[in-house]
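*Asks:* return a 3D structure for these sequence lines:
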Amino acid sequence: MTNASGGLSGYGPDGPGRTNTPGTANVSEEDVPTRSSPYVELGVTGLKRWSGYVEEEFLPALRGRKAVQIFKEMAENDAIVGALLFSVDMLVRAVQWHVQPASSDPMDQQAADFVQSCMEDMSHTWDELITEVLSMLVYGWSWHEVIYKKRQGTNRNQELNSNHDDGLIGWRKMPIRAQETWLQWVFDESGETVALVQLAPPSYQRTVIPRSKSLLFRTTPSKNNPEGRSLLRNAYRSWYFKKRLEEFEGIGIERDLAGLPVAYLPADYLNAQQGTPQYKMVESFRRMVRSVRRDEQEGVIMPMAYDEDTKQPLYKFELMTSGGARQFDTNTIISRYEQRILMTVLADFIMVGHQDTGSYALHVDKTGIFRTALNSIVKSVADVFNRTEIPRLFALNGWSIDRLPKLTPTDVDPPDLAQLGAFIQQMTSAGMTFFPDQDLEGFLRTTAKLPPISPEMAAEREQQQAQQQAMETAQQQMELAQAHQGLQSGEQQMDQGDQQMEHAERGQQRDDEQTQMAAENAGRQAELHQLNLSTQGEQGQMQREAHTMNVARFVQSYKDAEKAKQTPGVEGPGQGKTTGKYQQKR
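*Replies:* Model prediction:
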């Protein structure tokens, strides 16, 4: 089998399995780059864009400027969506925005004060800016152009007027560039959004606004899409059906109240030629049937004419009413779609109290999840300022951007006072000291919506704290002096004790020496006694040996004498006359 190019099917010009067709997946190992630079971006995000327009949405009605019109209708013409957006706006506007310095260094604190002064020195309030930024929830994105000014004090031009006269560059305003005035986007080769093209009334001129002097807020940065994703996108289907059902319901109610208009005319009138009196009569009745309404101008004017043959009226008009109830309960169906709209943004707690079921615990859980989601949205807004605008502001003023302050919002969900009080009580019982703490007291007063401490009260407290601190310092000095005196007394007692111990040690040493000498004398005496005993033993042994020798000699002499007697004529030694003790013994 051959392909269109004349070669075998499955074989390309480079061999089996390789083709040069764009978009095919036949990539060999040789095609993999091995020496790509780590600083070069090879791939792209995959955002579907064409000529400055994004084509990610699969519904044509929700693409580009059509989507802006649809979401605007949802936000401004639907009660449930309006209640949702109003609750979000009010909760977010209640958030307090603070500037947190990079450290406790005086220079960092001065930088934080500068950012705070810029927030309060714009031609519009900070809350107004946040409200405009929250339009990204409806459309998915919000574009704000940043205009600066040189702070030179009072100026006739209110746009350039400033509360500061330090010559620094600050924020003049950050107006929104409305979503319905958007025309197209400008992308670079890597897919980054570099500008917005605006076509706005009354001049309707194309204006290119670079991103380098703008802020882009988005609900989600998926694929680096500048249009983000509307918070109402998932609610569109439910809103569409709800809108149609409400229209049908309104028409049905009107027809039930007014009745179905029916007009009777002669049959030949319906086939009349255009321009004839009969045709004009049919058109007149047709308009009358369509425009029947129950209002202060209701009424019908009918010509009175009768048929000559039947004596019946030629023209007849009546309202037909339908008997019985409808097969479907439209109220239940519409309520179901309203609940689904709120469920898409975790705001179905708005319906609590309007239904037969529900509990307070469930309401608390649902509102907690909703406020947690709002905290994430507020944090994303703060991240845009911290990552983009604050470094840009300091760069314009020639300041170092190594350590910059950060814009920090408070939580949308305020802490529960009962839980907070129980926590402080438990920690205090465990030994932790919270008061006096001016910052903590200010936080508690703000959370409980209590009046702040007056300057006079704060000064009086500071004076009392200074007096108490002076008394505590004096008490500590007295205790320190007493401790020092006790230490000296203890040292003296320790010296006396050391002397007594030294004397006792010396006496014990003498006793030990005497005991040792006595033991040595006793040892020497024992050795002498043992030596005497051994000497006496040796002498006794020598005496015994001498006595034994004498006895042996005597026995031998006696034997020799007896032997001599038994052998006559022979005198041996000792033979002859026996005298002395031997004679006596014999």
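*Asks:* so which strand or helix has the residue lying closest to residue 44 once chain neighbours are set aside?
*Replies:* If the residues on either side of it in the chain are set aside, residue 44 comes closest to residue 191, at 5.4 Å by C-beta to C-beta, 6 or more residues apart in numbering. Using the backbone N, CA and C atoms, a C-beta is placed for each residue, glycine as well. Counting by DSSP states H and E, no helix or strand carries residue 191.
*Asks:* which residues are contacting stretch 63-79?
*Replies:* 53-55, 57, 60-62, 81-82, 85, 138-139, 179-180, 182, 230, 232, 235-236, 239, 242-243 (C-beta atoms under 8 Å, 6 or more residues apart in numbering).
*Asks:* ugh, wrong one, I meant stretch 274-294
*Replies:* Here stretch 274-294 makes contact (C-beta under 8 Å, 6+ apart) with 254, 257-258, 261-263, 265, 268-270, 272-273, 298, 300, 315, 317, 319.
*Asks:* domain assignment for this protein?
*Replies:* According to automatic domain parsing, the chain is divided into the following domains: 49-234+370-396, 236-344, 417-447.
*Asks:* for the ones you listed, give me TSV that also has distance to residue 527 and mean neighbour count.
*Replies:* Formatted as TSV, those follow (distance: least, C-beta to C-beta, whole Å; neighbours: other C-beta atoms under 10 Å):
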stretch	distance to residue 527	mean neighbour count
domain 49-234+370-396	86	16
domain 236-344	112	13
domain 417-447	74	11
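*Asks:* for the stretch 301-450 of the chain, which segments count as strands?
*Replies:* Assigned by DSSP state E, counting those that start in this stretch, the strands in the stretch 301-450 of the chain fall at 316-320, 406-409.
*Asks:* mind giving me TSV with those strands and columns for mean pLDDT?
*Replies:* TSV is the format used below for the strands of the stretch 301-450 of the chain (pLDDT from 0 to 100):
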stretch	mean pLDDT
strand 316-320	74
strand 406-409	94
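*Asks:* which of those sits closest to residue 513?
*Replies:* strand 406-409 (81.2 Å; C-beta to C-beta).
*Asks:* buried residues in that closest one?
*Replies:* Buried positions in strand 406-409, judged by neighbour count with 16 or more other C-beta atoms under 10 Å: 406-407, 409.
*Asks:* pick the one among those residues closest to residue 428.
*Replies:* Using C-beta to C-beta, these come closest to residue 428 at residue 409, 29.5 Å.
*Asks:* list the contacts of that closest one.
*Replies:* Residues near residue 409 by C-beta under 8 Å, 6+ apart: 95-98, 378-379, 381-382.
*Asks:* avg pLDDT for stretch 387-400?
*Replies:* Stretch 387-400 carries an average pLDDT of 92.
*Asks:* narrow the contacts of stretch 63-79 to those in helices?
*Replies:* Secondary structure defined by DSSP state H assigns 81-82, 85, 138-139, 236, 239, 242-243 of the contacts of stretch 63-79 to helices.
*Asks:* pull the most distant pair out of those residues.
*Replies:* 139 and 242 (20.4 Å).
*Asks:* so what's residue 383 up against?
*Replies:* Contacts for residue 383 (C-beta under 8 Å, 6+ apart) come out as none.
*Asks:* please report phi then psi for residue 216.
*Replies:* Per-residue torsions, residue 216: phi -110, psi 120 (degrees, to the nearest 10).
*Asks:* bridging across strands, which residues link to it?
*Replies:* Listed by DSSP bridges, the beta-bridge partners for residue 216 are residue 143.
*Asks:* ok, residue 170 - contacts?
*Replies:* For residue 170, counting by C-beta under 8 Å, 6+ apart, the contacting residues are 117-118, 121, 148-151, 162, 164, 393.
*Asks:* could those residues go into CSV alongside distance to residue 544 and secondary structure?
*Replies:* Compiled in CSV, the contacts of residue 170 are given as follows (distance: C-beta to C-beta, whole Å; DSSP: H, G, I helix; E, B strand; the rest coil):
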residue, distance to residue 544, secondary structure
117, 129, helix
118, 130, helix
121, 134, coil
148, 135, strand
149, 138, strand
150, 138, strand
151, 135, coil
162, 138, coil
164, 133, coil
393, 128, helix
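*Asks:* would a markdown table of the residues you listed with distance to residue 534 be doable?
*Replies:* Converted to a markdown table, the contacts of residue 170 look like this (distance: C-beta to C-beta, whole Å):
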| residue | distance to residue 534 |
| --- | --- |
| 117 | 114 |
| 118 | 115 |
| 121 | 120 |
| 148 | 121 |
| 149 | 124 |
| 150 | 123 |
| 151 | 120 |
| 162 | 123 |
| 164 | 118 |
| 393 | 113 |
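*Asks:* just for the stretch 401-550 of the chain, where's the confidence low?
*Replies:* Nowhere does the stretch 401-550 of the chain drop to pLDDT under 70.
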